[in-house]
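K.L.:
Structure for the following, please:
(one chain, ligands or ions: 2)
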Amino acid sequence: MHIAPSILTADFAHMGDELTAIFEAGIRWLHLDVMDGRFVPNISFGPMLIRSLRPIAEQYGVVLDAHLMIADPDRYVEDFAAAGCEYITVHAEACTHLHRTIQHIRALGKKPGVALNPATPLSAIEEVLPDLSLALIMSVNPGFGGQRFIPASLDKIRRLRAMLDERGLNDVVLQIDGGVNKDLIATVRDAGATCAVTGSAVYAPGRNRAETVAELRQALGE
Ligand code: DX5
Ligand code: ZN
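P.N.:
Numbers count the residues shown, from 1 in each chain. Ligands and ions are numbered 1, 2, ... in the order given. The predicted model follows:
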C-alpha cells in the first residue's frame with residue numbers, strides 16, 4: 001500500500017522542510033492537488049510550484065502524482081509532464097473526450113490516471129480501464145482538504161477492485177482520495193485500494209510529520 005501525502009495542508013512557507021520530513025520518514029509518493037477555481041471552487045498551485053519541488057523529490061526517488069482538478073485538462077498536460085509528474089490524473093467529469101486525453105498523457109511518456117467524483121458511477125471509466133495506470137476514487141467532493149470520508153466510497157472501491165481483477169488489470173493503481181486517516185487506512189486497503197492519499201492526516205497543524213507518517217504505517221500493521 002502506497003501512502004501518498006497531499007501537500008495541500010502543508011506549510012507553504014517551509015515547503016522544503018515539509019517534504020524532507022516525510023521523505024526521511026520513508027514516503028515515496030507525493031500527491032499534488034491542482035485546482036483551477038473553475039472545476040472546483042478553490043485555487044491551489046500549478047506546474048511552476050511542482051517544478052520547484054522536483055529536485056528534492058528526485059533526490060529521494062519520490063513519485064510525483066498530479067491530481068488535476070481543472071476544466072479541460074488537455075490544455076495543460078504537457079506542462080505537468082514537463083514539470084516532472086510521473087502520474088497525471090484528470091477528472092472524467094472534466095474531459096469531453098476522455099479516451100483522447102488518456103492517449104495524450106501516454107504519448108508524453110507519462111502514466112495516465114482518471115478520477116471520479118463521489119456522484120460519478122464507475123461505468124464512466126469502464127471502457128478505458130485497460131488504458132489506465134491509475135484509477136482514483138474521490139471519497140470527498142474535490143476542492144478542499146480536511147473533509148470527512150464519504151462511507152459509500154468503500155463499496156465503490158470494492159466494486160472497482162472486482163472490475164480490475166476480472167480483467168486481470170492488477171498493475172492499475174487503485175487510489176483513494178479524501179478524508180483518509182489512521183482510523184480508515186487499513187479499511188480502504190482491505191477494500192482493495194493500493195494507494196491512499198492522506199492530506200490533513202499527515203500535514204496536521206502542529207503535529208510532527210514523522211509521527212503522523214508512523215501512525216499511518218502502524219495502522220497498516222507495517
Ligand atoms: C481534495 C483533494 C485531496 C484532499 C486530501 O480536493 O483532492 O487530495 O485534499 O486531503 P485530506 O486527506 O485532508 O482529505
Ligand atoms: Zn487529490
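K.L.:
can you list the residues of the chain near ligand 1?
P.N.:
Within the chain, the positions lying close to ligand 1 (Cβ under 6 Å from any ligand atom) are 6, 8, 31, 33, 67, 140, 142-147, 177-180, 197-201. All C-beta spots, glycine's among them, are computed from the backbone N, C-alpha and C.
K.L.:
Check those one by one and keep those near ligand 2.
P.N.:
For ligand 2, the contacts drawn from these by Cβ under 5 Å from the ion are D33, H67, D177.
K.L.:
who wins for neighbours among these?
P.N.:
When neighbours are taken as other Cβ atoms under 10 Å, the top entry among those is H67 (29 neighbours).
K.L.:
Can I take it that that one is in a strand?
P.N.:
Yes: checked against DSSP: H, G, I helix; E, B strand; the rest coil, H67 lies within a strand.
K.L.:
and it, what are its bridge partners?
P.N.:
H67 forms beta bridges with D33, T89, as assigned by DSSP bridges.
K.L.:
OK, contacts around it?
P.N.:
By Cβ atoms under 8 Å, 6 or more residues apart in numbering, H67 lies in contact with S6, H31, L32, D33, V34, T89, G113, A115, L136, D177, V197.
K.L.:
let's see it at 10 Å
P.N.:
When contacts are counted by Cβ atoms under 10 Å, 6 or more residues apart in numbering, H67 touches 4, 6, 8, 31-35, 44, 85, 87-91, 113, 115, 134, 136, 138, 142, 175, 177, 197.
K.L.:
Select only the buried ones of those in ChimeraX?
P.N.:
Selection of the buried residues among the contacts of H67 in ChimeraX, burial being defined by 16 or more other Cβ atoms under 10 Å:
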select :4,6,8,31,32,33,34,35,44,85,87,88,89,90,91,113,115,134,136,138,142,175,177,197
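K.L.:
what are the ranges of the helices in this structure?
P.N.:
Ranges of helices in the chain, per DSSP state H, are 15-24, 47-60, 77-82, 98-107, 123-126, 153-166, 185-191, 209-219.
K.L.:
buried stuff in the fourth one?
P.N.:
Okay, so that is helix 98-107. L98, T101, I102, H104, I105.
K.L.:
Now do the same for the third one: its pLDDT.
P.N.:
Going back to what we said before, that points to I102. Here the pLDDT value assigned to I102 is 98.
K.L.:
what's near enough to touch whichever residue of the chain sits closest to ligand 1?
P.N.:
Closest residue of the chain to ligand 1, Cβ to the nearest ligand atom: G199 (2.3 Å). Each residue near G199 by Cβ under 10 Å, 6+ apart is listed here: 4-10, 31, 33, 140, 144-147, 177-181.
K.L.:
Relative to H2, how far out is it?
P.N.:
For G199, the distance to H2 (Cβ to Cβ, to the nearest Å) stands at 15 Å.
K.L.:
now N208
P.N.:
Distance from N208 to H2, by Cβ to Cβ: 21 Å.
K.L.:
Looking at these two, which one has more neighbours?
P.N.:
H2 (16 against 11).
K.L.:
What residues are bridge-paired with the more buried one?
P.N.:
C195.
K.L.:
Show the pLDDT at the most centrally placed residue in the chain.
P.N.:
In the chain, the C-alpha nearest the mean C-alpha coordinate belongs to H31, at 4.9 Å (Cα atoms, centre = their mean). At H31, the model reports a pLDDT of 98.
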